[in-house]
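Enquirer: Give me a 3D structure for the following:
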Amino acid sequence: MKQLLFQITENIKLTDNVMRMRLKGDTSDITAGQFVNIKLDGLFLRRPISVCDCSDGILTIIYKIVGKGTEQMAEMKEGTLDVLTGLGNGYDLSRSTDKPLLIGGGVGVPPMYLLAKKLREQGKEVSVILGFNTKDEIFYESEFKALGCNVGVTTVDGSYGTKGFVTTLMEEIDYGYTYCCGPEPMLKAVYKASKTSGQYSFEERMGCGFGACMGCSCKTITGYKRICKEGPVLEKEEILW
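Expert: Predicted coordinates:
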């Protein structure tokens, strides 16, 4: 973990309530599946945000405007942010087969991007399923395609792509390993539908973000684990619902 200052270089809307922020600084200790914890003026707790991408000293995060902290972030056009980096365990790329399937739902989509990039650099044939409620919520489809991924999009209302949930498309794809990030109901559905081993990234309310407060602990087959420290990524075989 590092505490660093990052310079805001971009903060734009991707959809009505989803923003992309790019920050310039030291990204040397960041890996796919990790998150950062951002200090905001006037707020006691930092805001944990998953890492979408990092390269050439630029950190990209994508966040949904859902409360006071993210509302404050959405108004920022310039300046610096106090950021804790290198948080969480991230994804283990060595476990992947030659045909990994990456599944992201809503704001679970961003961490899939850096993961997809790293897997493509290894020469893997990457398939991606992006799940949203409706067409107006979709983001980053073209960015995944630009990496050379096979991309499918589902919408609950059928306004774009395949009507239904991410599990609707899973049956049509040949894959040997699963990576997943999204709301817990989606993770449960993917867990039941998946025919392979995999890694699942969980979301929990966090206090400190680095394992000191124990507020985000969850029970696994091997005992309690802190989502911010031993997680957010858990192996399929250790998950207890």
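Enquirer: Scan this protein for its longest strand.
Expert: Across the chain, the strand with the greatest residue count (assigned by DSSP state E) is strand 2-13.
Enquirer: Just the CA coordinates for stretch 40-56, please, in PDB.
Expert: Output in PDB follows, covering the C-alpha atoms of stretch 40-56 (Å, rounded to 0.1, in the frame of the first residue of the first chain):
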ATOM      1  CA  LEU A  40     -12.200  13.700  -0.100                       C
ATOM      2  CA  ASP A  41     -12.300  17.100   1.700                       C
ATOM      3  CA  GLY A  42     -14.900  17.200   4.400                       C
ATOM      4  CA  LEU A  43     -15.500  13.500   4.500                       C
ATOM      5  CA  PHE A  44     -14.200  11.200   7.200                       C
ATOM      6  CA  LEU A  45     -14.000   8.000   5.300                       C
ATOM      7  CA  ARG A  46     -12.100   7.500   2.100                       C
ATOM      8  CA  ARG A  47     -14.000   6.300  -1.000                       C
ATOM      9  CA  PRO A  48     -12.900   2.900  -2.400                       C
ATOM     10  CA  ILE A  49     -13.000   2.700  -6.200                       C
ATOM     11  CA  SER A  50     -11.900  -0.200  -8.400                       C
ATOM     12  CA  VAL A  51      -9.100   0.200 -10.900                       C
ATOM     13  CA  CYS A  52     -10.100   0.300 -14.500                       C
ATOM     14  CA  ASP A  53      -6.700   0.800 -16.100                       C
ATOM     15  CA  CYS A  54      -3.200   2.000 -15.300                       C
ATOM     16  CA  SER A  55      -0.400   2.600 -17.800                       C
ATOM     17  CA  ASP A  56       2.300   5.100 -18.400                       C
END
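Enquirer: chain center to it, what's the gap?
Expert: 13 Å (CA atoms, centre = their mean, to the nearest Å).
Enquirer: got it, and stretch 189-199?
Expert: How far stretch 189-199 lies from its chain's middle: 17 Å, per CA atoms, centre = their mean.
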